[in-house]
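Asker: here are the coordinates; sequence isn't available:
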């Protein structure tokens, strides 16, 4: 039983059909990659799953609950966390605050508790901070806890974002091109991090990535999209499938019909 | 840039930093973490209340205010120097010099000093509420002067019974104390009614808030049956506790300072909690806030309504002090001055708004006394030119402009901005 089931999703912008009958699953403890050429609808699918876009039809079931059409914050509460293509750290907040803020269900986020139950809020806050500090330490950026996030390098900002996602206790991680703009030397480290999110933390990771080598190394399952699902399977099978090449070279519509 | 940012990092690709985005948040240790400027200022507020109480029964002398000013300024100056918070230190020094100058050279009256303190306390409530909206949540609102007007009029209508009450005052009437809270609630309700403008973003939102403020002012003018229109409501009462009436500025100060402290304390508790962190997240990046489970639209609505409440309370205190509710007091100019207070003090810092309000009141007085100040300097340095008093029509505004210009040039983050330029 997959934790996230995407079924028969259709999406068009104006007259342009971007996603056509796309279905896919994500399993806990596995990395599922979405690949395809530019404009294939990978990011659109990610936005639909995380609630930032509304699908025309179809269903997204997270842990047995239908979440299609729900706003992003409800998708998060259902257990879906995501990153964005550019680094999106929170400026003028320090590293630790950047991470703690994603901790779900903080009672201190209600005015009532913040004003009238300061003791409870303070106790909860120190727990959450310790947990967030643990994630910073795990990614080896604990020295940046007190630094303003905009003073970090791009790579560190990516790590900070990753720590924020780990701290969210979500079941499903959506990663939108995490390798974009990263120095080639650091790609191995990030790949390892993605693997460990799935293997050590038991998360279901959906990875959208252009770097095919990374995708084939990291993934347990690969879905090739070009408006529709062209081919899917374990990386060893997909890698040698000629439909992969044709999807990127643009012959897919002929092959499919 | 601090040294540890330069040490080689496993994941450092040498991204360029903007010059003005440099980290300074090193955690303080020992007593420096305990004795913070904020706490010193709160202590000073409490001290001021206790020390001034005996004098309010009869009269007190401005010398006491000057002495208290001096003690507090020196204390804040010392703390600021130790913590290397130059903005705060400069502010304390500025207040110290001015308060001595005022007392001994310009000879301002006691009542006038008290008047300034009352105005400063009302403004610090307003600036704090606006800071929660602008500085923390990123809601660039110019409508708070309008909410202040709504609170002021609601209060005036509820309490005024003498001379020329508008017909509406016979329908709505309440005792003094509940009226303050009700005035805030009325402002909140108005904020809730106009809250669909929160769907707008950026400068569209700013323009919408200007519209709200102008509309509120016109509604106040047009609803004559309720507000007396352009005739204004006069003789709004002052508070009375157990037969003790706060009828002079010196006495009213003892009422307005506690109200300000309570309001600022509530705002501080909100913005320094996990709730405040949600607000700063929304200011920094609404999509990210949404993606980590924060209901951005709903939080914005709550902030707008809560800050309108405090603006309404400030309006009630203000109208009770000046005793006249007139619609022209709550207009564009005033909205801009509120914003100046927030920026002046340092937006996104709860104490910044308070300091901004104090600095605004102080600087306003300084620029009013520019002719006297030039005379005073002239009496020591004869080369210094004297600006004659009768020709100063525009000199006060010009001085304000020049001060703001240099402030934005050299210290754009305000008095206690979070980020130091290096």
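Answerer: Arrived safely, thanks for sending. Values in this document were obtained by computation on a predicted structure and should not be read as measured data.
Asker: now the strands for the stretch 301-422 of chain B?
Answerer: B:324-325 (DSSP state E, counting those that start in this stretch).
Asker: low-scoring stretches of the stretch 101-250 of chain A, by residue?
Answerer: Applying pLDDT under 70 to the stretch 101-250 of chain A picks out residues A:249-250.
Asker: which stretches of the stretch 1-150 of chain B have low pLDDT?
Answerer: In the stretch 1-150 of chain B (pLDDT under 70), the answer is B:1-70, B:72, B:80-92, B:94-96, B:98-108.
Asker: let's see it at 50
Answerer: B:1-25, B:56-59 (pLDDT under 50).
Asker: Check the gap between residue A:37 and residue A:212 for me.
Answerer: Distance, residue A:37 to residue A:212, by C-beta to C-beta, to the nearest Å: 11 Å. Backbone N, C-alpha and C define where each C-beta goes, glycine included.
Asker: Then residue B:356?
Answerer: For residue B:356, the distance to residue A:212 - C-beta to C-beta - is 55 Å.
Asker: more crowded one of these two?
Answerer: residue B:356 (32 against 16; other C-beta atoms under 10 Å in any protein chain shown).
Asker: surely the more buried one meets residue B:345?
Answerer: Yes: using C-beta atoms under 8 Å, residue B:356 is in contact with residue B:345, at 2.5 Å.
Asker: List the residues that are in contact with both of the two.
Answerer: Both residue B:356 and residue B:345 are contacted by B:127, B:131, B:414-415, under the criterion C-beta atoms under 8 Å, 6 or more residues apart in numbering or on different chains.
Asker: List, one by one, the residues from the stretch 1-150 of chain A near chain B.
Answerer: Within the stretch 1-150 of chain A, the positions adjacent to chain B are A:50, A:52, A:71-73, A:76-77, A:81-82, A:84, A:88, A:90-94, A:97, A:100-102, A:104, A:106, A:108-111, A:114-115, A:118, A:121, A:124-125, A:128, A:140-141, A:143, A:146-148, A:150 by C-beta under 8 Å from any C-beta of the partner chain.
Asker: now with 6 Å?
Answerer: Applying C-beta under 6 Å from any C-beta of the partner chain, we find that the stretch 1-150 of chain A lies next to chain B at A:72-73, A:76-77, A:82, A:88, A:90-91, A:93-94, A:97, A:101-102, A:104, A:106, A:108-109, A:114-115, A:121, A:146-148, A:150.
Asker: did I read that right, residue A:213 in a helix?
Answerer: Yes: counting by DSSP: H, G, I helix; E, B strand; the rest coil, residue A:213 is part of a helix.
Asker: burial measure for it, as a count.
Answerer: Residue A:213, neighbours per other C-beta under 10 Å, totals 10.
Asker: Now do it against chain B, distance only.
Answerer: Relative to chain B, residue A:213 is positioned 19 Å away (criterion: C-beta to the nearest C-beta, to the nearest Å).
Asker: what do you get for residue A:160?
Answerer: For residue A:160, the distance to chain B - C-beta to the nearest C-beta - is 10 Å.
Asker: What about residue A:71, how many residues nearby?
Answerer: Neighbours of residue A:71 using other C-beta under 10 Å come to 16.
Asker: swap in residue A:219?
Answerer: 24.
Asker: Run a quick check on it versus residue A:236, I expect a contact.
Answerer: No: judged on C-beta atoms under 6 Å, residue A:219 makes no contact with residue A:236 at a distance of 10.2 Å.
Asker: got any residues that touch both of these two?
Answerer: The overlap between the contact sets of residue A:219 and residue A:236 (C-beta atoms under 6 Å, 6 or more residues apart in numbering or on different chains) is empty.
Asker: So in chain B, which helix runs the longest?
Answerer: When chain B is parsed with DSSP state H, its longest helix is helix B:296-322.
Asker: Quick check: buried residues in that helix?
Answerer: B:296-297, B:299-321 (16 or more other C-beta atoms under 10 Å in any protein chain shown).
Asker: Is any residue of it near chain A?
Answerer: No: Helix B:296-322 lies out of reach of chain A by C-beta under 6 Å from any C-beta, never closer than 6.8 Å.
Asker: roughly how far apart are the nearest residue to residue A:49 once chain neighbours are set aside and residue A:220?
Answerer: Closest residue in space to residue A:49, ignoring its immediate chain neighbours: residue A:60 at 5.6 Å, by C-beta to C-beta, 6 or more residues apart in numbering or on different chains. Going from residue A:60 to residue A:220 by C-beta to C-beta gives 20 Å.
Asker: What number of residues are in the vicinity of residue 146?
Answerer: If you meant another chain, say so; for now it's chain A. The burial count for residue A:146: 17, using other C-beta under 10 Å.
Asker: Chain B was what I was after
Answerer: 32.
Asker: just to revisit the earlier point, please, a ChimeraX command that selects the buried ones among the residues of the stretch 1-150 of chain A next to chain B?
Answerer: Burial among the residues of the stretch 1-150 of chain A next to chain B is assessed by 16+ other C-beta under 10 Å; the matching ChimeraX selection reads:
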select /A:72,73,76,77,82,88,90,93,94,97,101,102,106,108,109,114,121,146,147,148,150
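Asker: list the buried ones in stretch B:146-166?
Answerer: B:146-160, B:165-166.
Asker: Can you say which helix or strand has the closest residue to chain B within the stretch 151-257 of chain A in it?
Answerer: Of the residues in the stretch 151-257 of chain A, the one nearest chain B is residue A:155, at a distance of 3.6 Å by C-beta to the nearest C-beta. Using DSSP states H and E, residue A:155 sits in helix A:154-167.
Asker: What angle do helix A:154-167 and the following helix or strand past that helix make with each other?
Answerer: Counting by DSSP H and E, the element after helix A:154-167 in chain order, helix or strand, is strand A:172-176. Interaxial angle, strand A:172-176 versus helix A:154-167 (axes from the mean of the first three to the mean of the last three C-alpha atoms, to 10 degrees): 160 degrees.
Asker: what helices or strands is the helix or strand just after strand A:172-176 leaning on?
Answerer: Per DSSP H and E, the first helix or strand lying C-terminal to strand A:172-176 is helix A:187-199. Helices and strands touching helix A:187-199, by 3 or more C-beta pairs under 6 Å, 6 or more residues apart in numbering or on different chains; DSSP states H and E, are helix A:212-218.
Asker: Go through the helix it packs on and flag the buried ones.
Answerer: Here helix A:212-218 shows A:212, A:214-218 as buried, counting by 16+ other C-beta under 10 Å.
Asker: follow-up on the earlier one: so residue A:60 and residue A:220 - more neighbours on which side?
Answerer: residue A:60 (24 against 16).
Asker: I'd like to know the beta-bridge partner residues of that one.
Answerer: For residue A:60, the beta-bridge partners are residue A:6 (DSSP bridges).
Asker: any idea how far it lies from chain B?
Answerer: Counting by C-beta to the nearest C-beta - residue A:60 and chain B are separated by 16 Å.
Asker: correct me, but that residue touches residue A:68?
Answerer: Yes: with contacts counted by C-beta under 6 Å, residue A:60 reaches residue A:68, the gap being 4.4 Å.
Asker: Residue A:109: what's it in contact with?
Answerer: B:274-275, B:278.
Asker: Please list which of those also come close to chain A.
Answerer: B:274-275, B:278.
Asker: just the buried members of those?
Answerer: B:274-275, B:278.
Asker: Show me the residues you listed that map onto helices.
Answerer: Using DSSP H, those in helices are B:274-275, B:278.
Asker: With pLDDT added, can I get these in a markdown table?
Answerer: Listed next are these as a markdown table, based on pLDDT from 0 to 100:
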| residue | pLDDT |
| --- | --- |
| B:274 | 94 |
| B:275 | 95 |
| B:278 | 95 |
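Asker: is it true that residue B:279 touches residue B:137?
Answerer: Yes: with contacts counted by C-beta under 6 Å, residue B:279 reaches residue B:137, the gap being 4.5 Å.
Asker: what kind of secondary structure is residue A:206 in?
Answerer: Assignment for residue A:206 (three-state DSSP): strand.
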